[in-house]
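> Take this sequence and fold it.
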Amino acid sequence: MPLTPIATASFQKIAVGIDRPEDVVVGKDGRIFASDHQCAVAEIHPDGSFTRMGPQGGAPNGINMDPQGRVLIANFGIYDRQEGPLQRFDPATGKHENLLTEVGGKRLTSANYPVMDRDGNIWCANSTHAETWPQALDGRTDGFIFVLRPDGSSSIEAEGLKFPNGMALSADEAWLYCAQTSGADVMRFPIRPGGPLGPGKRYGPVLGRLSDKDGHPDLGYTDGVGMDAEGNLWVCLPADNKVVAITPAGAVETVIHDPSGETVNHPTNVTWGGADLKDLYIGSIRAGYVVKGRSPVAGLALIHQR
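Next up is the predicted model:
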């Protein structure tokens, strides 16, 4: 099915009043959760209202879910100058815990986005060790990807990255995709047998500029990514209020663009849910709401949705 553009007017705003909803995750049972800086995670109800759950602390950023329905949280500590661990919250029990605070002798200061594979490995990016947010996007290459295994062991699997951000797995889990925010691109890493990552290469083209000094609107800072059921990798470009998709053939298609930012404002992550996995949810780094619409293609079912 073709990747037809989605009209901005077709989106509805839900969870109005939420605090920096960077990401959304939808469980197999249909429950919807979003990042919120006032709690561990917020549940979005069918009527569009939301309830905050768990303790406040740090800056919950990218979120995902394990097959048990527990929400995995990448806490982007640099946002509030705090620690940035990989965490987990259980909506059923209210248990909130740190899963990992350091790896390979390096402290986690800016865990950004987690994704779990079928073997139970949690892949996550630590974007930077910069002390302040403006420093983080200066092109430094201090970001890395790490993995936390079911046995509790962990390791750094890729280093020297330019603010690694959102991540996604291919359908066969042979590839791990990771956005490099200050590279304006996406990297793809082969997952070797047994789990280690092979050398990464750019996937698709550079997706825009990194400076708007001349007023050019085509800013390419990449944020969250999501894989749909047809192998298209959706990439959020928050500074341009745009979502594009890199097709399996390497072409780039614009799926959503809201130049005014009145509805789709600084989109940071895309998530699919619903019985047909065509309900589309978009998080934001700036808007105080989540947007919901319908996708032209279904999302790839994640480990917790299968």
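
> So Pro91 versus Pro164, what's the distance?
Separation of Pro91 from Pro164 (Cβ to Cβ, to the nearest Å): 28 Å. C-beta here means a position set from N, CA and C on the backbone, and glycine is covered the same way.

> And the two? Which one has more around it.
Pro164 (29 against 18; other Cβ atoms under 10 Å).

> Looks like that one contacts Ala179 (just checking).
Yes. Between Pro164 and Ala179 there is a contact at 7.2 Å, judged by Cβ atoms under 8 Å.

> what is in contact with those two at once?
Residues touching both Pro164 and Ala179 (Cβ atoms under 8 Å, 6 or more residues apart in numbering) are Met187.

> show me what contacts Asp276?
By Cβ under 8 Å, 6+ apart, the neighbours of Asp276 are Ala298.

> again, but for Ala136
Contacts of Ala136 (Cβ under 8 Å, 6+ apart): Ile78, Ser110, Ser127, Thr128, Ala130, Phe163, Ser182.

> What about the fifth one, how many residues nearby?
The local packing of Ala130 (other Cβ under 10 Å) involves 18 other residues.

> how far away is it from Leu277?
Where Leu277 is concerned, Ala130 sits at a distance of 36 Å (Cβ to Cβ).

> could you measure Arg8 against Asn75, distance?
No Arg there; residue 8 is Thr. For Thr8 relative to Asn75 (Cβ to Cβ), the value is 31 Å.

> Which of those two has more residues huddled nearby?
For Thr8 versus Asn75, the count of surrounding residues by other Cβ under 10 Å is larger for Asn75: 29 against 18.

> Helices of the stretch 101-250 of the chain, start to end?
Secondary structure of the stretch 101-250 of the chain, counting by DSSP state H, counting those that start in this stretch: helices at 133-136.

> how about low-confidence regions in it?
213-216 (pLDDT under 70).

> So which residues of it form strands?
Assigned by DSSP state E, counting those that start in this stretch, the strands in the stretch 101-250 of the chain fall at 102-103, 106-107, 111-116, 122-126, 143-148, 154-161, 164-169, 175-180, 185-190, 201-202, 225-227, 233-237, 242-246.

> I'd like those written out as CSV, with distance to Gln87 added.
Shown next, in CSV, are the strands of the stretch 101-250 of the chain (distance: least, Cβ to Cβ, whole Å):
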stretch, distance to Gln87
strand 102-103, 14
strand 106-107, 15
strand 111-116, 8
strand 122-126, 11
strand 143-148, 11
strand 154-161, 14
strand 164-169, 17
strand 175-180, 20
strand 185-190, 24
strand 201-202, 31
strand 225-227, 21
strand 233-237, 22
strand 242-246, 27
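
> out of the ones you listed, nearest to Asp212?
Checking the strands of the stretch 101-250 of the chain against Asp212 by Cβ to Cβ gives strand 233-237 as the closest, at 12.5 Å.

> And the contacts of the closest one?
166, 168, 177, 179, 186, 203-204, 207-208, 219-228, 242-246, 255, 267-270, 282.

> Apply the buried test to those residues and list what passes.
166, 168, 177, 179, 186, 203-204, 207-208, 219-228, 242-246, 255, 267-270, 282 (16 or more other Cβ atoms under 10 Å).

> How far off centre is stretch 100-110?
19 Å (Cα atoms, centre = their mean, to the nearest Å).

> And that stretch, end to end?
This stretch, stretch 100-110, spans 12 Å end to end (Cα to Cα, to the nearest Å).

> Please identify the buried residues of that stretch?
So, applying 16+ other Cβ under 10 Å, buried residues of stretch 100-110: Leu100, Val103, Leu108, Thr109, Ser110.

> What of stretch 272-282?
Trp272, Gly273, Gly274, Leu277, Lys278, Asp279, Leu280, Tyr281, Ile282.

> tell me which of the residues you listed is nearest to Asp142?
Nearest member of those to Asp142, counting by Cβ to Cβ, is Ile282, at 28.7 Å.
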